[in-house]
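1. sequence and predicted model, in that order:
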Amino acid sequence: MAVAAELVAEAQFVEHRRGFRRRWYRTPSFVAGVTILGLIVLAALAAPLITQHNPTDQDLLHTLAGPSRSHWLGTDELGRDVWSRLAYGARTDLRVAFLAVVFPFTIGTVLGLVSGYYGGWIDTTTNWLVNVVVAFPFYILIIALVFALGPGTRSIYIAITLVGWVSYTRIIRGEVLVAKRREYVLAARAAGLSDRRILFRHLLPNVVTQAIVFACSDVVLDILAIVTLGYLGLGVQPPTPDWGRMIADGQTFLTTHWELSTIPGIAIVITALGLSLLADGLADLLRPE
Amino acid sequence: MTEPLLRVEGLRVEFNLARGVLRAVDGASFEVRPGEALGIVGESGSGKTMALRALVRLLPPAASVTGGTVEIDGVDVTAASEGQRRELRGRTVSMIFQEPMTALNPVMRVGEQIAETPLVRLGLSRRAARGRALELMSLVGIPDPKRRSRAYPHELSGGLRQRVMIAIALSADPKLILCDEPTTALDVTIQDQILKLLGALQRDLGVSLVFVSHDLAVIAQTCTRVAVMYAGQVVETGTVDAVFHEPRHPYTLGLLRSVPDFDSVRDRLSSIPGAPPDLALPPAGCRFHPRCPFVQDDCVGAPIPLIDLRADGTEPVSDPTGVRHLSERATRCLYHERCAEDARREPVVARA
Amino acid sequence: MSLTGYVARRLLHLVPVVLGVTILCFFLIHLVPGDPARTILGNQATDQRVALLRHDWGLDRPLPVQYGKFMDRVAHGDLGTSLFYNVSAGHLVLERLPVTLWLIAFGTFLSIAIAVPSALQAATHRDKPSDHVVRAVPLVGLGFPPFWIGIVLLLVFGLHFGRLFPVGGYGSGFFGHVHSMFLPALTVAFTISPILIRSLRASLLEVFESDYITTARSKGLPERRVLAHHALRNAVISTVSVLGVNIGYLVGGTLVIEAVYALPGLGQLMINAINQRDFPVVQAVTLAFAVMVVLVYLLTDVVHALLDPRVRFD
C-alpha cells in the first residue's frame, strides 16, 4: 500500500520533469531569458578578464573623461574606469541578490508547508506574521532594518530574509491547501506514512514549482532593493562597486555627464529583463498541462 | 404561404483549431414562420448550439460562418455588415441562454439589465425604461417586481434568474427569440414552470421561437415543428407530431426509443450503439451510417442531401417572389420508408 | 450584511495586525548590534550621555516593561523625541505627511490614467501589434528601479526640454503642487502601472469570455457600451485588489522618489534621520508608513466591497 502511494507520487513528479526537458528550447521567453542572463552572469564572472583596470583605482588626473581606448566607457568623478565598475558591480549585485533569495525561499517554503498542512494555531500565527510584515512598505522596512543593523552586505541578507519570506510562505501555503486534498496525499496518509515523509517527499516536489518561478522575479526585486540601498548609501559600502552607488554618484553631474547615472541603470534594466523573461518562460514550462 | 421570418439554408460553421478545421455545422437548413415555435434537437456535439449562435453571429472567437445563407425578417444576415447585424440583435432577434447565473452581469441590478435594451436601443428615458422593466417582470411572473428589480443576480433563485433572462429577451418586442437550452440547468419543477411561461408568452405575444434542446420531451411540450440535428447536419424536419410518431430517420428513431418510459415495461434501456463522430473527420456518405441498423451499401458513398417528403412527391413549389421554400417534411435518410415501418411496428410512446 | 458591518468586521481583523506592527517597530531598536544607545550616539558621546539615553529609552528595564512603556507613549501620541531637532517625532511626521499623501494620491491617479486605456487597448486588440507593445511594458518596466526612473525623467523633462517642470521642491498652492509634483507622481505611476496593466489586461481577457458579455452583445448594444458598462465594471474589481496588494510597493517607492526630487515629505525625513542617526524619527516614520498602508488596505477592501455586491454575502 505504501509502495503504491510512493509510486503514484513519483510518477507525477517525473511527469513534471519530463515535460520540462522536452519543451525548454521551444519556449522563446525561457531561451531569451537564459541568454540575456547568461551573458550578464558570464560578464560578471569574467570581470577580471574583460576589464583593463581595477574598479577602485582612482586617477585624479583623468576624471570625467569620455570613452577612449583605455577607458571604454570613460571615467567617473574620481577617475575610476566606468566599464570596470560596471562589470564588478554586476559581480557584487548579482552575487548578493542570488544569495539573498536563498534564505527567504527556504524559510518561507518550510513555513508555508507546515502552516498549510497542519492548519490550526500554526497557520493562524503564520498568517498573522505575514499580515504584519506585509503592512510595511517593502522598501521602508528593508531600509529601517538595514539602518538598525548597520550598513553592509550582512545587513542586506538579514533584512531581505526577514521581509522576503512572506511571499514564499503565501505561495506554498496556497499550493499545499489545494494539494493536500489530492488523492496522492490521501493515499499516503491512508498508507500510514509519517507527516514528515508526506511533507517533504510528496507534497514538496509538487508545490515547489510555483515558488521556484517566483524566486526568479524575486531576484529582480532583490536587485532593485540592493541598488536602492546603494543609492541611499546604505547598502554595499564603498569602495566595493555597486550599480546603485554609481547612479547616486553620477547624479551630481546629471547636467554635464548624464551617462554616469544612465549606464548603470540600463545595466539593471537589462539584467531584470533577462530574469523576468526567465521567470515567464519557467512559468510556461512548469505549468501542469 | 406566409413569408418565413427566419430562413436558414446550408449553414456552415467552422472552428479553426490547431489540429485542423472542425466543421461544427455542415449543412443546416430550416425555416421558422411568424408566431411559430421550432425545436432543434440533438445530442452534445450535434452543432445545434453553434447553429443557433451563428444566426446572430455570436460565435466564440475561433469559430466563423463559412457558408450558407441566413435571412431574418427579410434581411440577408450573411451578407450584412456587423452594424446591420447589431441593429437586428435585441430588437428583431433576441436570445435566452442556458445558464442564467453566468449569463447575467453579476455587478448590475437585474432591473437595470432588463431596462438596458429599451434604454439604449429604443431611446426610452430612464424612467420609462425602468417602468417597462417592471412591466416585463410582472409579465414573466416575477413576484414583487419593484423590490426584486433592485436585486443582484446572485440574490435570486435559478428560476427567477431565468425569468429575468426572458424579460430581457422580450424587452424590445422582438419577433424572434432564440432559446439555447433555457431549462437544462434548472430543477425539473422549475423547468416545467419556465416552459409553460415560454409557451404562454409565445402564443400571447405571437413571437417566434427557435428552441434548442437535447430533451425530446421539452421540445414536444413547447414546439410545433422540429429539426433533428446530428454531426453538424439537419437530418430530419417536420411537425412534432409527424416526426415523433413516424420518425423517418434512424437517428430520430434511436433518440425516441432511448427515452426511458416509465409507463410501459421493457427489458432494458435502449440506446444508440457507438458514439458521435469526430467532426474534423466525419464518416463518408451518411454520417450516421456506422451506427445505423438499416445501413445499406449506398449509404456509404456520396453525401446524402436533404430529401423532400411532400405527400405528392412533386418538386418544391416556389412562390411568386421566387424564393424556394424549404420543405415542411424532409429527411436525410435514403431508407426512410424502412425506418417509418419500424416505428409503426414498434410504436414509440408519445409523451404528453 | 451592511457596509458598516463589513467595515467594522475588517477593522476588527486589523487590530492584531496593528499590534504586530507596533511590536516590530518596537523591536527595531533591539536589532542594533551591540549597545543601541552607544551605536546611535556614536563613539564620540560621553558615557554619561549614553547612560542617560539608555535610561530615557528604558533600555535598562526588562523587555515586556519596555514594550508596555512604548505602547503607553504611542497611545498618547508620543512617538519619541528627535535626537537631532529636539522636537516631538510625531510632530515632524505630521508636518511632512501632506507632501507624501499628495505624492501617493497623485501617483495613483496617474497610474490608473495610464493603465486603464493601455489595458483596454491591449485586450480589445489581442495579439495585434498594440497588444504586444503593451505586454512588453510590464516585462521591461518592472526592472526599472524607481529612483532611476525619476532621474531619467528629471533629465529629460526637467533639465533638457525647456525646463518644463521644476527639479525640486513642493511648490505652493494647488496648481503649484500639481506642477511641482507632476514628475515625481509620474515616476510613481511608472513604477506601479506595469503591474496594473498586466492585471487589468488579464482580467479583461477573462471577462470577455464571460457569458454575460455574450448576453450584452445579443442585446445589440454598441461595443463601447459593452466594454464600459459590462466588461470594465467587472474587470476593475480584481484590479482594485491587485492595486491594494501592491500599495505597499507604491508607498515604499515614494521614499526614494522623494530623495531624487528633494521633496519635503516623510521619505525625505526618514533619509535625513538615517543620515543623522536620529533613531526615534526613523522608528516614528516606519510606524507612520505602516499605519498608512494598513489604512489603505482597509480602503481598498471597502472599495472592493462597494464595487462587488457579491462580497458582503460571505
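-> Thanks, I have the structure now. These numbers were taken from a predicted model, which means no experiment stands behind them.
2. shaky segments in the stretch 201-314 of chain C?
-> C:312-314 (pLDDT under 70).
3. can you tell me the SS state at the closest residue to chain A within the stretch 51-200 of chain C?
-> Nearest residue of the stretch 51-200 of chain C to chain A, counting by C-beta to the nearest C-beta: residue C:143, 2.4 Å away. Where C-beta positions appear, they are placed from N, C-alpha and C, glycine not excepted. Reduced to three states with DSSP: H, G, I helix; E, B strand; the rest coil, the structure at residue C:143 is coil.
4. residues of the host helix or strand of residue C:27 that come out buried?
-> Using DSSP states H and E, residue C:27 maps to helix C:3-31. Neighbour-count burial for helix C:3-31 flags C:6, C:14, C:17-18, C:20-22, C:24-26, C:28-29, C:31 (criterion: 16 or more other C-beta atoms under 10 Å in any protein chain shown).
5. just send those residues back as a markdown table, with distance to chain A and pLDDT too.
-> Shown next, in a markdown table, are the buried residues of helix C:3-31 (distance: C-beta to the nearest C-beta, whole Å; pLDDT from 0 to 100):
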| residue | distance to chain A | pLDDT |
| --- | --- | --- |
| C:6 | 18 | 82 |
| C:14 | 9 | 87 |
| C:17 | 5 | 89 |
| C:18 | 8 | 88 |
| C:20 | 3 | 89 |
| C:21 | 5 | 89 |
| C:22 | 9 | 87 |
| C:24 | 6 | 87 |
| C:25 | 8 | 86 |
| C:26 | 12 | 84 |
| C:28 | 5 | 83 |
| C:29 | 7 | 79 |
| C:31 | 4 | 81 |
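6. gap between the worst-scoring helix or strand of chain B on mean pLDDT and the chain center?
-> The weakest-scoring helix or strand in chain B, judged by mean pLDDT, DSSP states H and E, is strand B:307-308 (a mean of 78). What separates the centre of strand B:307-308 from the centre of its chain is 21 Å, taken as C-alpha atoms, centre = their mean, to the nearest Å.
7. in the stretch 151-300 of chain C, what residue is nearest chain B?
-> Per C-beta to the nearest C-beta, residue C:220 is where the stretch 151-300 of chain C lies closest to chain B, at 3.4 Å.
8. the residue nearest the centre of chain B and residue B:38, how far apart?
-> By C-alpha atoms, centre = their mean, the mean C-alpha position of chain B lies nearest to residue B:212, the distance being 3.0 Å. According to C-beta to C-beta, to the nearest Å, residue B:212 stands 10 Å off from residue B:38.
9. kindly report the same for residue A:129.
-> According to C-beta to C-beta, residue A:129 and residue B:38 sit 64 Å apart.
10. ditto for residue B:9
-> Separation of residue B:9 from residue B:38 (C-beta to C-beta) stands at 14 Å.
11. and if you look at residue C:141?
-> 55 Å.
12. now do residue B:5
-> As judged by C-beta to C-beta, residue B:5 and residue B:38 stand 10 Å apart.
13. next: residue A:267.
-> 69 Å.
14. those two: which is more packed in?
-> Neighbours were counted for residue A:267 and for residue B:38 using other C-beta atoms under 10 Å in any protein chain shown; residue B:38 has more, 23 against 20.
15. report pLDDT for that one.
-> The per-residue pLDDT reported for residue B:38 equals 93.
16. and for the residue in the stretch 101-250 of chain A positioned nearest to chain B, the neighbour number?
-> The nearest approach of the stretch 101-250 of chain A to chain B comes at residue A:178, 23.2 Å away (C-beta to the nearest C-beta). Residue A:178 sits with 11 neighbouring residues when counted by other C-beta under 10 Å.
17. with residue A:240 instead?
-> For residue A:240, the count of nearby residues is 17 (other C-beta under 10 Å).
18. that's a strand at it, yeah?
-> No: under three-state DSSP, residue A:240 falls outside any strand and is assigned coil.
19. I figured it hits residue A:93, correct?
-> No: the pair residue A:240 and residue A:93 fails to qualify as a contact (C-beta atoms under 8 Å) at a distance of 10.0 Å.
20. so, low pLDDT: which residues of chain A?
-> Residue ranges of chain A with pLDDT under 70: A:1-22, A:287-289.
21. try 50 this time
-> Residue ranges of chain A with pLDDT under 50: A:1-2, A:5, A:9, A:11-16, A:289.
22. against residue B:63, how distant is the residue nearest the centre of it?
-> Closest to where the C-alpha atoms of chain A average out (C-alpha atoms, centre = their mean) is residue A:219, at 1.7 Å. Taking C-beta to C-beta as the measure, residue A:219 falls 43 Å from residue B:63.
23. now swap in residue B:216 and tell me
-> From residue B:216 across to residue B:63, the span is 27 Å (C-beta to C-beta).
24. now swap in residue A:250 and tell me
-> Residue A:250 is 57 Å from residue B:63, by C-beta to C-beta.
25. before we move on, what SS does residue B:172 have?
-> coil.
26. now it: how far from residue C:220?
-> In terms of C-beta to C-beta, residue B:172 sits 8 Å off from residue C:220.
27. would you list every one of the strands in the stretch 101-250 of chain C?
-> Taking DSSP state E, counting those that start in this stretch as the test, none of the stretch 101-250 of chain C falls into strands.
28. just give the nearest non-adjacent residue to residue C:281, would you?
-> Computed as C-beta to C-beta, 6 or more residues apart in numbering or on different chains, the closest residue to residue C:281 that is not its neighbour in sequence is residue C:273, at 3.8 Å.
29. just the terminal-to-terminal distance for stretch B:208-222.
-> 12 Å (C-alpha to C-alpha, to the nearest Å).
30. correction: stretch C:207-226
-> Length of stretch C:207-226, first residue to last, C-alpha to C-alpha: 11 Å.
31. just the buried residues of that stretch, please?
-> C:207-208, C:210-221, C:226.
32. ok, and what's touching that stretch?
-> For stretch C:207-226, contacts defined as C-beta atoms under 8 Å, 6 or more residues apart in numbering or on different chains pick out B:56, B:58, B:86-91, B:94-95, B:97, B:99, B:102-106, B:116-117, B:120-121, B:165, B:168, B:172, C:123, C:229-231, C:234-235.
33. how close does the residue in the stretch 151-289 of chain A positioned nearest to chain C sit to residue A:37?
-> The stretch 151-289 of chain A approaches chain C most closely through residue A:272 (2.4 Å), counting by C-beta to the nearest C-beta. As defined by C-beta to C-beta, residue A:272 lies at a distance of 10 Å from residue A:37.
34. neighbour count winner among the two?
-> Taking neighbours as other C-beta under 10 Å, residue A:272 and residue A:37 compare with residue A:272 leading, 26 against 22.
35. who does whatever helix or strand the more buried one lives in touch, helix- and strand-wise?
-> Assigned by DSSP H and E, residue A:272 falls within helix A:259-286. If you count contacts as 3 or more C-beta pairs under 8 Å, 6 or more residues apart in numbering or on different chains; DSSP states H and E, helix A:259-286 packs onto helix A:2-23, helix A:28-45, helix A:82-118, helix A:204-231, helix A:243-251, helix C:129-141, helix C:146-153.
36. report the buried residues of it.
-> A:260-265, A:267-286.
37. and for stretch B:94-110?
-> Of all the residues in stretch B:94-110, those buried under the rule 16+ other C-beta under 10 Å are B:94-100, B:102-110.
38. nearest to chain A among those?
-> Among these, residue B:102 lies closest to chain A (C-beta to the nearest C-beta), at 23.2 Å.
39. residues contacting the residue in the stretch 1-150 of chain C that chain B sits nearest to?
-> Across the stretch 1-150 of chain C, the shortest distance to chain B (C-beta to the nearest C-beta) belongs to residue C:126, at 8.6 Å. By C-beta under 8 Å, 6+ apart, the residues touching residue C:126 are residue C:205.
40. and for residue C:283, the neighbour number?
-> Using other C-beta under 10 Å: residue C:283 sits among 22 other residues.
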